[in-house]
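S.K.: attaching a predicted model along with its sequence, questions to come.
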Amino acid sequence: MAYQVPRPKLTFAEKIYLPSVIAGLKITLGHLWRMLRGKTHVCMQYPEEKWDSHLPPHYRGAPTLVSDEFGRTRCVACQLCEFICPPRAIRIKPGEIPAENKFAKVEKFPEEFQIDMIRCIYCGLCEEVCPEQAIFLKKEYAITGTSRAAMMHQKEKLIEMGGIQPGVVNKWNEKK
Amino acid sequence: MNAILHDLADPNSILFMIWTTLAKSAGLLGVVLGMVSYTVYAERRVSSLMQDRLGPNRTGFPISLLGFGLKDWSPILGGLGQPIADAVKLLLKEDFTPAYVKKFYYWIAPALGIAAAIISLAVIPFGSKIGTVDMVIANIDIGPLFIFAISSLGVYGIVLAGWSANSKYPFLGAIRSTSQLISYELALGLSVVPLFLIIGKLNLVEIVHYQVQNGWMLLPGLTAGKLPTLSQVLCWIPVLISFLVFTIAMFAETNRLPFDLPEAETELVGGYHTEYSSMKFALFFLGEYTAMITGSSLIITLFLGAWHFPGIPDGSMSGWPGVLWGLVNIGVFFTKVFAFLIFFIFIRWTLPRFRYDQLMKLGWIWLFEIALVNIFLTALIVAFVH
């Protein structure tokens, strides 16, 4: 059914539009004037001033691999993150932990683990899906590089960025 | 050799005319194009300040190379290098030509767009005199008509760009642009007729001389150093109407907001220049801003006394004082133009865009009729006064 949109009755001053031009100019020039006098402080001079200390704890920055208190990378190369990654940024090559190793019970570890930071969309699904709580999105957001290779984060770089995060899960504790 | 040198200095010889004209053209072009880049910078800075941002304030000049503990990024010079960086970027970007465009027209469209804007600068009297040389490149008797004729050719640049790009958004932009420019051309041309009725001349230099003697058209009492006559007071009403109509039509002619329907970023991606990149896009940009400068120069020449400022003499005396005052007059002219450009920018960042039917209604039902009635009103007043 056709619906008649109610149109407001305009006065003459509204119809000729020029008073509203002046009213609009008053607003914009007011902002300009306050800005020129330095009364408005909304901009942050980015490289000099940063917001890092105000980042919320759940901030999703670059994905990293964390290690436990024994220095072992928590990752068991189950490849769940590789499968769930929407832009397919993660590549894992699993390897087997030899029997004489202290962590032989874990069976697998990532021989290669790379995240393509050009593809990564910082969605955090890898962190959510990880059964070992081995992959975490840290607060680093300024990921830059001068080549494609530099934007490909390898295992060493990921472990270094992740650091040690003890006491998250203790599934592979020898006493259990 | 001596004869040639003598000719170069003799104000009546043809060689003298040639080199002064060339010098004037080069100088004017340099000043205007420099002004264009800094208008773009001013636009970005003013708009951002209006929106509580800072705008480009980083790109300075490498003054740290000079030593003295100077820094490249200073709060004073910061950002002033931005136009240079922009120009370098636009020159070095990939000049991509899509496969589906009509090549010939695609290539000449940007050139047409900027040529029309630059050619019409030729008849603008941008200064008084330096010695015996008039500060206008072509002192012709049909100044405003020439500008209207040439600047309306600028629509060819837009139409050809939109059509040759062979893609829907540029095409829509071009169609809108054609109808908009043609509609407002009428109001633009008709709105200045009252001025010619009052002054009785069509030569822009003569119009400026009239204003020097009788006060600016828009502010007759304030600028002539004497009380306005009855005829000036009576004529002021149609002049004010004509100024308003002319300025509004000029906004539409230069595709500035609130009349920027040909580009309308939010509706048409980029409008008629969607398919252009690199320097071809920059030429459209330059053309648009040059048209703005031509437009404001015309408004200032017709209504606001061009290079004249009360108390400042013109540069017709001989020797160094002539040169000095001549340059001061040029400075006054460009200061006025710049003030008007800033006004253009204020308006752009204040008003929302018109709807298409509102645009057409404003052009055809309001401005056109007002301009027509204004002509008859002026004719009555002029007849009454004489």
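M.R.: In hand now; what should we look at?

S.K.: could you report the neighbour count for the closest residue to chain A within the stretch 201-350 of chain B?
M.R.: In the stretch 201-350 of chain B, no residue comes nearer to chain A than B:Thr350, which is 4.3 Å away by CB to the nearest CB. Heads up, the C-betas are built off the backbone N, CA and C, glycines and all. Residues near B:Thr350, counting by other CB atoms under 10 Å in any protein chain shown, number 20.

S.K.: can you check B:Asp86 too?
M.R.: Close neighbours of B:Asp86, defined as other CB under 10 Å, add up to 18.

S.K.: got it, and B:Asn2?
M.R.: With other CB under 10 Å as criterion, B:Asn2 counts 6.

S.K.: likewise for B:Leu172?
M.R.: B:Leu172 has 20 neighbours, counted by other CB under 10 Å.

S.K.: show me what the helix or strand where it lies is packed against.
M.R.: B:Leu172 is located in helix B:168-191, with elements delineated by DSSP states H and E. On a contact count with 3 or more CB pairs under 8 Å, 6 or more residues apart in numbering or on different chains; DSSP states H and E, helix B:168-191 meets helix B:143-151, helix B:154-164, helix B:230-253, helix B:265-268, helix B:356-361, helix B:368-385.

S.K.: winner for burial among those?
M.R.: Scoring those by mean neighbour count under mean count of other CB atoms under 10 Å in any protein chain shown gives helix B:154-164 as the most buried, with a mean of 25.

S.K.: what's the angle from it to helix B:168-191?
M.R.: For helix B:154-164 against helix B:168-191, the angle by axes from the mean of the first three to the mean of the last three CA atoms, to 10 degrees is 160 degrees.

S.K.: what does chain A put close to chain B?
M.R.: Within chain A, the residues that sit near chain B (CB under 8 Å from any CB of the partner chain) are A:18, A:21, A:24-25, A:27-29, A:31-32, A:35-36, A:40, A:42-43.

S.K.: so where's chain A shaky on pLDDT?
M.R.: Along chain A, segments meeting pLDDT under 70 span A:167-176.

S.K.: can you spell out the domain ranges of it, please?
M.R.: Using automatic domain parsing, the domain parsing of chain A gives A:12-42, A:53-171.

S.K.: ok, how many other residues are close to the nearest residue to B:Ile375 once chain neighbours are set aside?
M.R.: With sequence-adjacent residues excluded and distances taken as CB to CB, 6 or more residues apart in numbering or on different chains, B:Ile375 is closest to B:Val193, at 5.0 Å. Other residues near B:Val193 number 18, with proximity taken as other CB under 10 Å.

S.K.: quick check: buried residues in stretch B:252-271?
M.R.: B:252-264, B:268-271 (16 or more other CB atoms under 10 Å in any protein chain shown).

S.K.: likewise for stretch A:115-135?
M.R.: Buried positions in stretch A:115-135, judged by neighbour count with 16+ other CB under 10 Å: A:Ile115, A:Asp116, A:Met117, A:Cys120, A:Cys123, A:Gly124, A:Cys126, A:Glu127, A:Cys130, A:Glu132, A:Ala134, A:Ile135.

S.K.: for the second one, list each beta-bridge partner.
M.R.: The partner list for A:Asp116 in beta bridges (DSSP bridges) reads A:Met152.

S.K.: ok, it touching A:Gln154?
M.R.: No - with contact defined as CB atoms under 8 Å, A:Asp116 does not reach A:Gln154; the gap is 10.6 Å.

S.K.: for B:Val239, what are its contacts?
M.R.: With contact set as CB atoms under 8 Å, 6 or more residues apart in numbering or on different chains, B:Val239 has these partners: B:Pro194, B:Leu195, B:Ile198, B:Met217, B:Leu218, B:Phe303.

S.K.: what's the closest of those to B:Leu283?
M.R.: B:Leu283 lies nearest to B:Phe303 out of the contacts of B:Val239, by CB to CB, at 30.0 Å.

S.K.: out of the helices and strands packed on helix B:168-191, which comes closest to B:Gln82?
M.R.: The nearest among those, by CB to CB, is helix B:265-268 at 20.6 Å.

S.K.: right, and the helix or strand after that closest one?
M.R.: Next along the chain after helix B:265-268, taking DSSP H and E as the criterion, comes helix B:278-303.

S.K.: list the buried residues of the helix or strand just after that next one.
M.R.: Sequence order places helix B:320-348 as the next helix or strand after helix B:278-303, per DSSP H and E. Of the residues in helix B:320-348, B:322, B:325-326, B:328-330, B:332-334, B:336-338, B:340-341, B:344-348 count as buried by neighbour count, 16+ other CB under 10 Å.

S.K.: and the angle from helix B:320-348 to helix B:278-303?
M.R.: Going by the same axes, to 10 degrees, helix B:320-348 is angled at 110 degrees with respect to helix B:278-303.

S.K.: quick one: average pLDDT of helix B:320-348?
M.R.: Across helix B:320-348, pLDDT averages out at 87.

S.K.: what about that helix, near chain A?
M.R.: Yes - judged by CB under 8 Å from any CB, helix B:320-348 comes into contact with chain A at B:Phe346, B:Ile347.

S.K.: out of the domains of chain A, which is the most enclosed?
M.R.: Most buried of those by mean neighbour count (mean count of other CB under 10 Å) is domain A:53-171; its value is a mean of 15.

S.K.: how far out from the middle of the chain is that one?
M.R.: The chain centre lies 13 Å from the centre of domain A:53-171; the measure is CA atoms, centre = their mean, to the nearest Å.
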